[in-house]
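In: Give me a 3D structure for the following:
(chains A and B)
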Amino acid sequence: MSNRWNLPDLGIGIGLRTVHFPHVLSQKPRIDWFEVLSENFMDTGGRPLWVLDQIAERYPVVLHGVSLSIGGSDPLDFEYLKKLSALAARTRAHWVSDHLCWTGIMGRNVHDLLPMPYSEEALRHTTERVRVVSDFLERPLVLENPSSYVEFAASTMPEWEFLARLAADADCGLLLDVNNVYVSAFNHRFDASTYVDAIPADRVVQYHLAGHTHKGTHIIDTHTGEAVPAVWELYARSIARTGSAATLYEWDEDIPEFDVVLAEAQKAAAYRAQLTGDEPLLAAAR
Amino acid sequence: MTSQPPLDRLQRWMQAAIVHPGDIETALGSPTVRKEIARADVDAVILPSPTLTSAQRVEVYQSMYLLRMEEALATDYPGLQHFLGDEEFFALVRDYVQIHPSKSYSLNRLGDRFPDFVAVAPDVRRRDFCADLARLELALALVFDAPETKALDASVIESIAPEAWETAVLAPVAAFRLVALRYPASAYLDSLNDPEHRHPEARRKDTYVACYRRDYGVYRHDLTRAAHDLLADLVRGTTLGAAVAAALKRGGRHRPKQDDLFKWFRQWIAGGVFASVETA
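Out: Down below sits the predicted model:
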């Protein structure tokens, strides 16, 4: 199955991180694609932007943001959207994603992916904003399911239903972070399988996998280390429904050498191969 | 609580709790937080889990906020963090973001007012030195992120007739900052890489630094007072002739030799400090 927009299965990618810049530029590793953090490149004219230009020349790129605040109550920031759109054009990004969350109110940015109540009010509010953003970007916005540490009494539906309804009503794509599903499932005591089974298969454009930190009473989505086997099992379960989609391994804390992250990401290949029998796309001429 | 708060009030409440510098109970009981949702109503708004109370669940976000702010500011102010140590630096960050919270989609500019804040912050050890260190580190951060502008090509320099130099006006590249300091902040930054941890003392000493970027690398060039004054005149638009004349008139031990002036000028051209030259 392909997604409803026929956005490509880019294969297996990792997040572009500053510590890996020298390696990527000099070694030109065999990786299918990179995900770049939009905000890191929107306000700099220095070396990071130059590096990004070099990488976008050689590899497919996807933009992933953390400050869109799609669920926020402040008005959308159109200056931000203009810069995001310009960056997408500059990098020929295959899609633009952010998170189902809010990041601040009253003009502030807390720089965290803050949780939403899953209520009809929040659904109406977020749906409208997604439509506006998608129109502005002239492409469907792709939203990632968050990891969260609170549940609101105001919620009238589970997160997976909210996400599915939002995707349908706003006609947006989904970035299914199976580690976030696992983390939230532990924190809120729901069945992670129920979650992935409820996601509209034709809207999944991309996957995230990552490690986390177990605190005993809760799990924090730290993007550190290797993904636990249960996360890989969720991934396998989900791609059996959605088909293969661009898959990214996130490692953002205590980041090891590039090849270590790449090796973790490449574990996805075995699951994808079981599904389709195809080899992943390799970084080829654009 | 008879009904759930609307979305915007929920968000105002949660943000106020997360950014409050006190512990979670102090935060939830504070006036700014209580005005949105009373402490007694928190358990009716945030559901507890089998392992965490409602307040503890909010605390997960609160505990990460200041750490994130500290990480962002430590990236731009590693010298200041090194000098103050982790505990003092964290306290400074905690107080700073109360007054200057991030209002941007990026953390890149969070620290733009940090030097001014340090300059008047009470209880900062060697405050004046710290303020200078912060000013220099801010200059380097601004140079790092500045737009890229092409440096003046040597062929352009060579094409200018000798008599035209008198009225020539030079403009620096965008990635350039000139800093006049009262303490040896540049030497302190150099010492961060000293394996034997020999650091200059935070004693009064006028120092001058040109910060610029070339080939996307950021450089610091320590200047004499005379070199700084000449370069300052040039980048503010004084003609080369007038700037050289002013430099030669400056009295005392700061008066440079003419040969020094042209040596510096050639170094700055070669270093890529200037983006353009206009002649009359």
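In: okay, CA-based contacts and neighbour counts for the rest of this
Out: OK.
In: Any figure for the gap between the residue of chain A found nearest chain B and B:Ala72?
Out: Closest residue of chain A to chain B, CA to the nearest CA: A:Gly45 (4.0 Å). Using CA to CA, to the nearest Å, A:Gly45 is found at 19 Å from B:Ala72.
In: To what extent is residue 35 buried, counted in neighbours?
Out: Using chain A. The number of residues packed near A:Glu35 is 23, by other CA atoms under 10 Å in any protein chain shown.
In: Let me rephrase: I mean chain B.
Out: 14.
In: What are the phi and psi values at it?
Out: The phi and psi torsions at B:Lys35 (degrees, to the nearest 10) take the values phi -70, psi -20.
In: which residues of the stretch 151-286 of chain A fall in strands?
Out: A:151-152, A:173-177, A:204-210, A:213-214, A:219-220, A:246-250 (DSSP state E, counting those that start in this stretch).
In: Relative to B:Asp43, which of the ones you listed is closest?
Out: Distance to B:Asp43, taken as CA to CA, is lowest for strand A:151-152 among those, at 9.6 Å.
In: Give me the contact list for the closest one.
Out: A:Met116, A:Pro117, A:Tyr118, A:His188, B:Val45, B:Ile46, B:Leu47, B:Pro48 (CA atoms under 8 Å, 6 or more residues apart in numbering or on different chains).
In: confidence score at A:Cys191?
Out: Cys isn't right for residue A:191; it's Asp. On pLDDT, A:Asp191 comes in at 98.
In: whoops, B:Pro195 was the one
Out: At B:Pro195, the pLDDT value in this model is 88.
In: That one: neighbouring residues, count only.
Out: B:Pro195: 7 neighbours (other CA under 10 Å).
In: Tell me the secondary structure at it.
Out: coil (DSSP: H, G, I helix; E, B strand; the rest coil).
In: the bottom helix or strand of chain B by mean pLDDT?
Out: Here the helix or strand of chain B ranked lowest by mean pLDDT, DSSP states H and E is helix B:154-159, holding a mean of 85.
In: Can you spell out which helices and strands pack onto that helix?
Out: Helix B:154-159 is packed against no helix or strand, with contacts defined by 3 or more CA pairs under 8 Å, 6 or more residues apart in numbering or on different chains; DSSP states H and E.
In: Touching it from outside, list them.
Out: B:Ile269, B:Ala270.
In: re the thing from before, let's have the strands of the stretch 151-286 of chain A in CSV, adding mean pLDDT and distance to A:Ala268.
Out: Below are those laid out as CSV (pLDDT from 0 to 100; distance: least, CA to CA, whole Å):
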stretch, mean pLDDT, distance to A:Ala268
strand A:151-152, 97, 31
strand A:173-177, 98, 14
strand A:204-210, 98, 9
strand A:213-214, 96, 21
strand A:219-220, 95, 22
strand A:246-250, 97, 7
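In: Isn't the residue of chain A closest to chain B up against B:Glu148?
Out: Yes. Here A:Gly45 reaches B:Glu148: they are 5.6 Å apart, a contact under CA atoms under 8 Å.
In: Of the contacts of strand A:151-152, which belong to strands?
Out: B:Ile46, B:Leu47 (DSSP state E).
In: ok now do residue 125, which residues does it touch?
Out: Answering for chain A, as no chain was given. If a contact means CA under 8 Å, 6+ apart, then A:His125 has A:Gly71 as its contacts.
In: The chain in question should be chain B.
Out: Applying CA under 8 Å, 6+ apart, the residues contacting B:Arg125 are B:Leu84.
In: Need the three-state assignment for it.
Out: Under three-state DSSP, B:Arg125 comes out as coil.
In: Is it possible to mark the buried ones in the contacts of strand A:151-152?
Out: Using 16 or more other CA atoms under 10 Å in any protein chain shown as the burial test, the contacts of strand A:151-152 include A:Met116, A:Pro117, A:Tyr118, A:His188, B:Val45, B:Ile46, B:Leu47, B:Pro48 as buried.
In: and which of those is nearest B:Thr32?
Out: Nearest to B:Thr32 among these, with distances taken as CA to CA, is B:Val45, at 17.0 Å.
In: I'd assumed B:Gln4 was in contact with the closest one.
Out: Yes. Contact criterion CA under 8 Å: B:Val45 and B:Gln4 qualify, at 6.8 Å.
In: Could I get the average pLDDT for the helix or strand harbouring B:Ala17?
Out: In this structure, B:Ala17 sits in helix B:7-19 according to DSSP states H and E. The average pLDDT for helix B:7-19 rounds to 98.
In: now that helix, how far from the chain's geometric center?
Out: 30 Å (CA atoms, centre = their mean, to the nearest Å).
In: and that helix, what does it pack onto?
Out: Short answer (3+ CA pairs under 8 Å, 6+ apart): helix B:7-19 packs on helix B:24-29, helix B:31-34, helix B:54-76.
In: Now do the SS call for B:Ala232.
Out: helix.
In: What separation do you get for it and B:His254?
Out: Here B:Ala232 is placed at a distance of 15 Å from B:His254 (CA to CA).
In: Same drill for those two, tell me which one is more crowded.
Out: B:Ala232 (18 against 15).
In: Chain A versus that one, what's the distance?
Out: As judged by CA to the nearest CA, to the nearest Å, B:Ala232 and chain A stand 23 Å apart.
In: any idea what sits nearest that residue, other than its immediate chain neighbours?
Out: Using CA to CA, 6 or more residues apart in numbering or on different chains and skipping residues adjacent in sequence, the residue nearest B:Ala232 is B:Leu178, 7.2 Å away.
In: That neighbour contacts B:Leu230, doesn't it?
Out: No. With contact defined as CA under 8 Å, B:Leu178 does not reach B:Leu230; the gap is 11.2 Å.
In: out of these two, which sits in the more crowded spot?
Out: B:Leu230 (24 against 21).
In: so who does that one touch?
Out: Contacts of B:Leu230 (CA under 8 Å, 6+ apart): B:Ala243, B:Val244, B:Ala246, B:Ala247, B:Leu261.
In: Go ahead and build a PyMOL selection from the buried members of these.
Out: PyMOL command restricting these to the buried ones, with burial defined by 16+ other CA under 10 Å:
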select buried, chain B and resi 243+244+246+247+261
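In: tell me the two of the contacts of B:Leu230 that are most distant?
Out: Top of the distance list for those (CA to CA): B:Ala246 and B:Leu261, 11.2 Å.
In: coming back round to it: could you dump the contacts of B:Leu230 to JSON lines with secondary structure?
Out: Converted to JSON lines, those look like this (three-state DSSP):
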{"residue": "B:Ala243", "secondary structure": "helix"}
{"residue": "B:Val244", "secondary structure": "helix"}
{"residue": "B:Ala246", "secondary structure": "helix"}
{"residue": "B:Ala247", "secondary structure": "helix"}
{"residue": "B:Leu261", "secondary structure": "helix"}
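In: From B:Arg182, how far off is the closest residue to chain A within the stretch 151-280 of chain B?
Out: Distances between the stretch 151-280 of chain B and chain A by CA to the nearest CA are smallest at B:Tyr216, namely 5.0 Å. B:Tyr216 is 28 Å from B:Arg182, where distance means CA to CA.
In: Kindly point out which residues are neighbours of both of B:Val45 and B:Gln4.
Out: Counting by CA under 8 Å, 6+ apart, the residues touching both B:Val45 and B:Gln4 are A:Ala153, A:Ala154.
In: Dihedrals phi and psi, A:Ser73?
Out: Torsion angles, degrees, to the nearest 10, at A:Ser73: phi -90, psi -20.
In: circling back to that earlier point, for the residue of chain A closest to chain B, helix, strand, or coil?
Out: Classified using three-state DSSP, A:Gly45 is coil.
In: Let me know how buried it is, in neighbour terms.
Out: So A:Gly45, with other CA under 10 Å, has 19 neighbours.
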